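>>> got a sequence here, can you model it:
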Amino acid sequence: MLVETVVALVILTIVSLALFKGAMNTLAPRQWSLTQNISDAYLTYEKAYAERIPFDELTATASPWPVYPNKAELTVTIGTLPGGRTLTGKVIRTRKPDSNNLPAAGGSGTATTNPSEMQTWTVQSLLIYELHDREYVKTRSIVRTQ
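Presented below is the predicted three-dimensional model:
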């Protein structure tokens, strides 16, 4: 009777481990999808911030998006994963002038090519984060004109 009990416990343990592994294999892709949704949501915030910042602040010397090749780097909390683990990343911001901007605005345009003195800037935010020892990079760019 003791042998039968031990055999039953071994079989039950093997079946339990197999079911546990199957459950973990099912949850792993969901974790990845959840992380992608969290990072996309953060980049939506970055895009909205770049769209709503006043143009004078965007083009100022102390802008959150410095003129390329300069960049602003920030460590941010992207979100919280199940289990309370915090997902952090690094945001890199920069902006590039359009080639038709006047020289004062970083371009090579002239009064002939740009008579209205219009300024156009490409504003870019990169998000770099790690998940399971792999590094991911996402970017959002918008064009601002005044």
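
>>> residues contacting the nearest residue to Gln146 once chain neighbours are set aside?
Counting by CB to CB, 6 or more residues apart in numbering, Gln146 lies nearest to Phe55, which is 4.6 Å off, once chain neighbours are set aside. Heads up, the C-betas are built off the backbone N, CA and C, glycines and all. Counting by CB atoms under 8 Å, 6 or more residues apart in numbering, Phe55 touches 119, 144, 146.

>>> next: Ile38.
So Ile38 contacts 78-79, 81, 87 (CB under 8 Å, 6+ apart).

>>> just the buried ones from these?
78-79, 87 (16 or more other CB atoms under 10 Å).

>>> quick one: the strands in the protein?
Taking DSSP state E to define them, one finds strands in the chain at 72-80, 86-97, 120-131, 134-145.

>>> and Thr113, which of the ones you listed is closest to it?
Counting by CB to CB, Thr113 lies closest to strand 120-131 out of the strands of the chain; the figure is 12.4 Å.

>>> follow-up on the earlier one: I'd like the contacts of Phe55 as TSV, with pLDDT and neighbour count appended.
Shown next, in TSV, are the contacts of Phe55 (pLDDT from 0 to 100; neighbours: other CB atoms under 10 Å):
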residue	pLDDT	neighbour count
Gln119	88	22
Arg144	90	17
Gln146	87	13
